[in-house]
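Provided below are the primary sequence and the corresponding predicted coordinates.
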Amino acid sequence: MHYLLLTDASEPKPFVEAMQGDESMKWELAMEDEIKCLQKNKTRSLTKLLKGKKVLQTKWVYRLKEEPDGSKRYKARLVVKGF
């Protein structure tokens, strides 16, 4: 049995790549939408770091989703690194 992995080269890997490309505004809107959803669902809030506590490192994950009508939707997710 053989497997084939198809990837879309137009999806940026790091944040810097997303912000330097021609579609940076679309990725920025996708990231803003993700932050709004996290705040709306009360799964994220900005607070002061307590003394002696460590910050969990995060990163952005970018995906292009194809809609049934053939259009593309830019999706960004904020995830904790290593978990």
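Perfect, thanks for sending it. Quantities reported herein were computed from a predicted structural model and do not represent experimental measurements.

For the nearest residue to Ser10 once chain neighbours are set aside, the count of nearby residues, please.
Take Ser10 and drop its neighbours on the chain: the residue closest to it by CB to CB, 6 or more residues apart in numbering is Leu64, 6.3 Å away. The way it works is simple: take the backbone N, C-alpha and C, and place the C-beta from them, glycine included. As a burial measure, Leu64 scores 16 neighbours (other CB atoms under 10 Å).

Who does Leu64 form a beta bridge with?
Tyr74 (DSSP bridges).

I'd like to know how many residues surround Thr58.
10.

what's the answer for Ala30, then?
Neighbours of Ala30 (other CB under 10 Å): 20.

Tell me which helix or strand it sits in.
Element membership of Ala30, judged by DSSP states H and E, is helix 24-40.

List the contacts of that helix.
12, 18-19, 21, 44-45, 60, 62, 74-78 (CB atoms under 8 Å, 6 or more residues apart in numbering).

Pull the distance from that helix to the chain's centre.
8 Å (CA atoms, centre = their mean, to the nearest Å).

next one: stretch 30-46
Counting by CA atoms, centre = their mean, stretch 30-46 comes out at 12 Å from the chain centroid.

how about that stretch: buried residues?
If you call a residue buried by 16 or more other CB atoms under 10 Å, then stretch 30-46 has these buried ones: 30-31, 34.
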